[in-house]
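Asker: dropping a prediction and its sequence here:
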Amino acid sequence: MKTLYFTKIDYIRSRTQLYLISVILAVVIMILKFITDGTDVMVFLYGIFITIVFSTVPFGNCSRKDAGFLQLLPATVWHRVLGRFLFGLSLLMIGSAISAGCMVVYRLYVGAEENVIVLPFCMIILSVGLVFITVQYIALYLVGENYGAQFLSLVRMIPGMCFFFGSMKLLEEARQNPESAMKLLELISDRPYVISLGSIVIALAVMAAGVVLCVKMTEKRDY
């Protein structure tokens, strides 16, 4: 319960960004009106990218005064760190739900056909996004939560931009080399949910390792 309490605190401190995430659907739909060669997977990429960026907001909103108050609360380092990671995980789930809604609207808008590969692809994208959030949190805990604001914009944007433009580059390569893309699709289509679920399990394992690492780093730091 203490862990969830700290997750709730992060949501309270990030309520403005939560309102902004709720607008993703409208923004993406407007963008899609100007995209003639887009795909529904691109819609999902937009949503995950924005969620990755917003996942670090609690670090930037943690002033020294707030940090001192939070340290007085009866909880262990495990509760605090795990609560922060649960915030990132749950925020990613919210962003994924919004992105999925965008995909449905996109399909209705362009009349796209059903594709059984889309869901496994989105699950893989989701797992990659979870790994990127974990990397962001490790970087911020590495220098200390109280000092994260000094380079928050750097840590916030670089992983998210790498995720987004790297994914877009892969989609572009798939368009230019359809034969290679088809081989990849055939590989995934043979065991679509085994591969996608496997990626989710790996991402969760990476996050669990990240939690342990951040707890160890925080315990060694003098507040």
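Answerer: That came through fine.
Asker: what is the least confident helix or strand in this structure?
Answerer: helix 64-71 (a mean of 57; mean pLDDT, DSSP states H and E).
Asker: how about the next helix or strand after that helix: buried residues?
Answerer: Using DSSP states H and E, the helix or strand that follows helix 64-71 in sequence is helix 77-110. By 16 or more other CB atoms under 10 Å, the buried positions in helix 77-110 come out as 78-89, 91-92, 94-96, 98-103, 105-107. From N, CA and C alone the C-beta is placed, and that goes for glycine too.
Asker: which helices and strands does helix 77-110 pack with?
Answerer: helix 2-13, helix 15-21, helix 24-32, helix 40-54, helix 118-143, helix 192-220 (3 or more CB pairs under 8 Å, 6 or more residues apart in numbering; DSSP states H and E).
Asker: and the ones you listed, which is most packed in?
Answerer: Ranked by mean neighbour count, the helices and strands packed on helix 77-110 are led by helix 40-54 with a mean of 24 (mean count of other CB atoms under 10 Å).
Asker: got the CA coordinates for it in CSV?
Answerer: Output in CSV follows, covering the C-alpha atoms of helix 40-54 (Å, rounded to 0.1, in the frame of the first residue of the first chain):
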residue,chain,number,x,y,z
ASP,A,40,-1.8,2.6,-37.9
VAL,A,41,1.4,1.5,-36.3
MET,A,42,2.7,5.1,-36.7
VAL,A,43,-0.2,6.2,-34.6
PHE,A,44,0.8,3.9,-31.8
LEU,A,45,4.4,5.2,-32.1
TYR,A,46,3.3,8.7,-31.6
GLY,A,47,1.4,7.8,-28.4
ILE,A,48,4.2,5.8,-26.9
PHE,A,49,6.8,8.5,-27.7
ILE,A,50,4.7,11.2,-25.9
THR,A,51,4.2,8.8,-22.9
ILE,A,52,8.0,8.2,-22.7
VAL,A,53,8.6,11.9,-22.5
PHE,A,54,5.9,12.5,-19.9
